[in-house]
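1. the following comprises the amino acid sequence and a computationally predicted model.
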Amino acid sequence: MPASFNKWYEVIAMAAGDFVDGMISGTKRISYVELFEEVAARNPP
């Protein structure tokens, strides 16, 4: 494998890890009940 590919893989893997961490911490702030109520209010049955 060329060294440049390995470097890009590291950068992408780190960015993906940060993105997942951000998503997880974001969902912890909003409870799933609040999220569900918000979606239900926007799309009444």
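-> Arrived safely.
2. for this structure, give me the ranges with low pLDDT.
-> Scanning the chain for pLDDT under 70 picks out 1, 26-30, 44-45.
3. please enumerate the helices of this structure.
-> Applying DSSP state H to the chain gives helices spanning 3-29, 32-42.
4. would you list these in JSON lines and tack on mean neighbour count?
-> Any C-beta I mention is one placed from the backbone N, CA and C, and that applies to glycine too. Output for those, formatted as JSON lines (neighbours: other CB atoms under 10 Å):
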{"stretch": "helix 3-29", "mean neighbour count": "10"}
{"stretch": "helix 32-42", "mean neighbour count": "9"}
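5. in this structure, which residue is closest to the centre?
-> residue 23 (3.2 Å; CA atoms, centre = their mean).
6. what sits against that one?
-> Not one residue lies near residue 23 by CB atoms under 8 Å, 6 or more residues apart in numbering.
7. now do it against residue 17, distance only.
-> The gap separating residue 23 from residue 17 is 11 Å, by CB to CB, to the nearest Å.
8. try residue 33
-> For residue 33 relative to residue 17 (CB to CB), the value is 28 Å.
9. equivalent analysis for residue 42, please.
-> 31 Å.
10. with residue 43 instead?
-> With CB to CB as the criterion, residue 43 and residue 17 are 33 Å apart.
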